[in-house]
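J.: just the structure for this:
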Amino acid sequence: MNNAADPRDIRRWRKYLADERAEAAVYRDLASRRVGEEREILLALAAAEGRHEAHWLELLGDNVGKAQKGDLRTRALGFLARRFGSVFVLALAQRAEARSPYENDSDATDAMAADERIHEEVVRGLAARGRNRLSGTFRAAVFGANDGLVSNLALVIGISAAGVPTATVLLTGIAGLLAGALSMGAGEYVSVRSQRELLDASTPSTTANTALPFLDVDANELALVYRARGMSADEAQLKAVDTLSSLGTAVEDDPEVVEARDEHEAIGTGIGAALSSFCFFASGAIIPIIPYLFGMQGWPAIAVSGGLVGIALLGTGSIVGLLSGASPLKRALRQLAIGFGAALATYLLGLLFGTSVG
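T.: Just a heads-up that it's a prediction; the model follows:
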C-alpha cells in the first residue's frame, strides 16, 4: 500500500510513527512507576498512541522501513520517565502533547487531532495531582532559595560598587545571609503558629460529644450548632436529628473535625517551618558570596558571583515553570531578568552612594 507515495510524505509519516512509538513508551514507563487509577490512565494513553501508530503503519504499507528513533525531546522525556516518573516529567509530557502537528496535517484524521488535545488535558490533570501532592516544604525551598539569591546578590554588588574593601563586602554578605535567613525563619514560625492557632479556634470541640445524650430532643439545640457552622435551618435540623439518632457516632468523626485535623497536618509545625525557611534562604544567599570566600575581589568577584547566581536563577525559574505548567525557558529567563534587574539597580545606587561619599 502507498508504494507510490511521495518520498517527502513517507519521511514525515515515518517520523510520526517513531514519535508515536516513543510517546507510548513514555506513558508505559510512567505507568510502571504508579499504581491504581493513575496507572490505568497512563496505560490508556499509551494504548491511544498505539492506535495512532497503526494509522501511520497503514499509510506507510511496505514503506515502513527500518525503525527510527523519536525526536530528541521525546527520547529525553522517556529517559526521565524511566528514572524519575515525577510531576516534572508529566509537566513536560503535557507540553509535548500541546505541540502536536496533527491539526495542520491532512494525513492525520480529525479524531487523532482531537485525541492529542484531550491527551494534553488528561496529562494536565495528572500533573495537577502531582503538583497538589508536592509538599509546601518543596515549594518553600524553591522560593526561599530564590529570595536568598536575589537579595544577597543585590546586597553584595551594591556594597561592592560603593568601593568598600573586599573584607567588608564579605562581612556584609554574611550579615545579609544571616539577617535574611533569620527573618525568613521567624516570619515563617509566626505565620504557621498563627495558622494553627486560628485553626484550633475554629475546630469543633470533641468534648461536645459528652453532652449529646442529655440534649432535649424537642428543643434540639444541636441544630443551632450546625446553623452556626453555615447550614440552612432545614439542613441543620436534618443533621441534628441524624446525629441524635446515632449517638454512637463521635464528634471527632465529624467531617469538619476530620478536615481540620488534615489541615493541621498539612500546615506542619512552626519550628519545622522556621528551620526549613532558614536553610532554604541561606542555601541561596551563600552563592553570591562564594567568590569572596575564596579571596576574589573587584570585578572578577562580581562577575563570578553574578554568573553563579544567574545559573541558579535559571534553575529555580525553570522549576517554577514546570510546577505551574508554563514554559520552563520563559520562566527561567524571567527569573534571571528580575534577579539581575534588582542587582543592577543596587549596583547603580552603590555607585551613586560611593561617589557622593567620595
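
J.: just the helices in this structure please.
T.: If DSSP state H is used as the criterion, the helices of the chain fall at 7-32, 36-60, 72-83, 87-98, 110-133, 136-161, 166-202, 222-228, 233-245, 255-267, 270-285, 290-293, 298-324, 328-357.

J.: give the other helices and strands that the shortest one contacts.
T.: Contact analysis of helix 290-293 by 3 or more C-beta pairs under 8 Å, 6 or more residues apart in numbering; DSSP states H and E lists helix 166-202, helix 298-324 as its packing neighbours. Yep, even glycine has a C-beta here, placed from its N, CA and C like the rest.

J.: deepest in the core, which of those helices is it.
T.: Mean neighbours per residue, mean count of other C-beta atoms under 10 Å, is largest over the helices and strands packed on helix 290-293 for helix 298-324, with a mean of 18.

J.: so how many other residues sit close to Trp56?
T.: Using other C-beta atoms under 10 Å, Trp56 is surrounded by 22 other residues.

J.: just Cys279 next, same as before
T.: Residues within reach of Cys279, counting by other C-beta under 10 Å, total 17.

J.: quick one: contacts for it?
T.: Residues touching Cys279, when contacts are defined by C-beta atoms under 8 Å, 6 or more residues apart in numbering, comprise Ala181.

J.: picking up where we left off before, Ala76 is nearest to which of the helices and strands packed on helix 290-293?
T.: With C-beta to C-beta as the criterion, Ala76 lies closest to helix 298-324 of these, at 13.8 Å.

J.: mean confidence score for that closest one?
T.: Mean pLDDT, computed over helix 298-324, is 85.

J.: please apply the same query to stretch 149-156.
T.: In this model, stretch 149-156 has a mean pLDDT of 90.

J.: wait, which of the helices of the chain is closest to Lys66?
T.: Ranking the helices of the chain by proximity to Lys66 (C-beta to C-beta) places helix 7-32 first, at 9.1 Å.

J.: list the buried ones in that closest one?
T.: Residues of helix 7-32 classed as buried by neighbour count (16 or more other C-beta atoms under 10 Å): 10, 12-31.

J.: stretch 47-62 too?
T.: Buried-residue list, stretch 47-62, by 16+ other C-beta under 10 Å: 48-49, 52-53, 55-56, 59-60.

J.: from these, which is closest to Ser194?
T.: Taking C-beta to C-beta as the measure, Ala48 is the one of the buried residues of stretch 47-62 closest to Ser194, at 48.1 Å.

J.: per-residue pLDDT, the closest one?
T.: Reading off the per-residue confidence, Ala48 sits at a pLDDT of 87.

J.: before we move on, what about the one 3 residues further on?
T.: Listed pLDDT for Arg51 reads 89.

J.: residue contacts, it?
T.: Counting by C-beta under 8 Å, 6+ apart, Arg51 makes contact with Asp115.

J.: mind checking how far it is from Glu121?
T.: Spatial separation of Arg51 from Glu121 under the definition C-beta to C-beta, to the nearest Å is 18 Å.
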